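Participant: Build me a model:
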Amino acid sequence: MDNIDSKLLKEISNIDGEIKGAYNIRKNGKGIERKVTENINIVTKKDVSGIDIIVKENTKFEFVHIPVIITESGLTDVVYNDFYIGKNANVTIIAGCGIHNDHHKNSQHDGIHRFFLEEGAHVKYIEKHYGEGSGEGKRILNPVTEVHLKSGSNMEMETAQIKGVDSTKRVTKGELEDNTNLIINEKIMTHGKQCAETLFEVQLNGENSSTQVTSRSVAIDDSKQKFMSKVFGNSKCFGHVECDAIIKDNANVSAVPEISANNVEANLIHEAAIGKIAGDQIIKLMTLGLNEKEAEDAIIKGFLK
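Facilitator: Alright, predicted model coming up:
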């Protein structure tokens, strides 16, 4: 790997030197490095491009890194990754994609990830997207995540679009059984003429299943964002969806909620707030010695922290 590769890996996965735990690094559509452990196996799929990540039951506090980097302009990379998490396992999975494009052709990565958690399993899933490069070619990322939680399992997702992504369509779907919990925290920033769409669709099928979805986004310049959420309460359950956004310049953000209570004991909440940075916040920071732009940047950084 060269310096560009190393920079991309550090941006999306905080990889800087030796990688702790199991890992699979994918570059320009091909796996280039892999390590497995006693409790975590990674197997190349035979029918489609992608891998199976198998975590043994009762595995505790281990890490899996599966970053993707693209440095080839004009490449469209599609990968199918399935995660099989054994009973009572507890692991952290760090994914993400970084694209460097210095040319005129578009570079694109579509990652389809499916998670199958057995009873009592816990997963923390971290995914970051990042784009860079001086070329006119677009950097396109379209992640799809499907989560299947068996009784007593839970999953926490942290997804972030750092910067430099021209177009993204993000889809996350979940099916929850009894006594499960799915927590999703999303952070997105767009600028220029970038566009981002997000769709969350969660089926709360099991008794005492719950989900908390939080989206925080900043849109500046002429960029556009659309947030869509669908939560279906099909049993005694709880769902809370929150969308907060800051807009500047000519940017546009829309939030489209849909909550369906199909059981009298379903408790579903949706909240959305979209607006510009409050003037009193800027003034307060300017009294501390910051100029207006520095104050705005500090507020945005804190909002997405």
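Participant: pretty sure Ser134 belongs to a strand, no?
Facilitator: No. Read with DSSP: H, G, I helix; E, B strand; the rest coil, Ser134 is coil and lies in no strand.
Participant: In contact with it: list those residues for me.
Facilitator: Contact partners of Ser134, counting by Cβ atoms under 8 Å, 6 or more residues apart in numbering, are Asp102. (Glycine included, C-beta is placed from N, CA and C.)
Participant: Which residues does the helix or strand of the chain with the lowest mean pLDDT contact?
Facilitator: For the chain, the helix or strand with the lowest mean confidence is helix 279-286, at a mean of 82 (criterion: mean pLDDT, DSSP states H and E). Helix 279-286 is contacted from outside by Glu292, Glu294, Ala295, Glu296, Ala298, Ile299, using Cβ under 8 Å, 6+ apart.
Participant: Buried ones only from the residues you listed, please, as a ChimeraX command.
Facilitator: To isolate the buried members of the contacts of helix 279-286 in ChimeraX, using 16 or more other Cβ atoms under 10 Å:
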select :295,296,299
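Participant: show me where pLDDT drops low in the stretch 201-305 of the chain?
Facilitator: Along the stretch 201-305 of the chain, no part satisfies pLDDT under 70.
Participant: Tell me where it has helices.
Facilitator: All helices of the stretch 201-305 of the chain, identified by DSSP state H, counting those that start in this stretch, fall at 279-286, 292-303.
Participant: Redo those as CSV? Include distance to Phe227.
Facilitator: Below are these laid out as CSV (distance: least, Cβ to Cβ, whole Å):
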stretch, distance to Phe227
helix 279-286, 23
helix 292-303, 15
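Participant: So for Asn250, which of those helices sits nearest?
Facilitator: Comparison of those against Asn250 by Cβ to Cβ identifies helix 292-303 as nearest, at 15.7 Å.
Participant: Centre of the chain to the closest one, how far?
Facilitator: 23 Å (Cα atoms, centre = their mean, to the nearest Å).
Participant: begin at 11 from here
Facilitator: Will do, 11 is the new start, and the previous item becomes helix 302-313.
Participant: First-to-last residue distance for stretch 291-310?
Facilitator: Distance across stretch 291-310, first residue to last, is 11 Å (Cα to Cα, to the nearest Å).
Participant: What values do phi and psi take at the spatially closest residue to Gly162 that is not a sequence neighbour?
Facilitator: Of all residues not flanking Gly162 in the chain, Gly130 sits nearest, at 4.6 Å (Cβ to Cβ, 6 or more residues apart in numbering). For Gly130, the backbone dihedrals (degrees, to the nearest 10) come out as phi 80, psi 0.
Participant: next one: the one 10 residues further on
Facilitator: The main-chain torsion angles of Tyr140 are listed as degrees, to the nearest 10 and equal phi -150, psi 140.
Participant: what does the one 4 residues further on give?
Facilitator: Listed backbone geometry of Ser144 is phi -100, psi -10, with angles given as degrees, to the nearest 10.
Participant: distance of it from Cys205?
Facilitator: Look at Ser144 and Cys205: by Cβ to Cβ, to the nearest Å, they are 21 Å apart.
Participant: What residues sit buried inside stretch 166-175?
Facilitator: Buried residues in stretch 166-175, counted by 16+ other Cβ under 10 Å: Glu166, Met167, Thr169, Ala170, Gln171, Ile172, Gly174, Val175.
Participant: outside of that stretch, which residues touch it?
Facilitator: Counting by Cβ under 8 Å, 6+ apart, 21-22, 109, 133-143, 149-151, 153, 155, 157, 178, 180, 182, 192-201, 204, 206, 314 sit against stretch 166-175.
Participant: Pull the CA coordinates from it and hand them back as PDB.
Facilitator: Extracted as PDB, the C-alpha positions of stretch 166-175 are listed here (Å, rounded to 0.1, in the frame of the first residue of the first chain):
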ATOM      1  CA  GLU A 166     -25.400  -0.200  18.000                       C
ATOM      2  CA  MET A 167     -24.500   1.500  14.800                       C
ATOM      3  CA  GLU A 168     -22.400   4.600  14.300                       C
ATOM      4  CA  THR A 169     -22.300   5.900  10.700                       C
ATOM      5  CA  ALA A 170     -20.600   9.000   9.500                       C
ATOM      6  CA  GLN A 171     -20.100  10.700   6.200                       C
ATOM      7  CA  ILE A 172     -17.000  12.800   6.900                       C
ATOM      8  CA  LYS A 173     -16.600  14.800   3.700                       C
ATOM      9  CA  GLY A 174     -15.900  14.600   0.000                       C
ATOM     10  CA  VAL A 175     -18.800  12.300  -1.000                       C
END
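Participant: Relative to the whole chain's centre, how far out is that stretch?
Facilitator: Worked out by Cα atoms, centre = their mean, stretch 166-175 lies 5 Å from the chain centre.
Participant: Show me the residue at the heart of this structure, geometrically.
Facilitator: Thr169 (2.7 Å; Cα atoms, centre = their mean).
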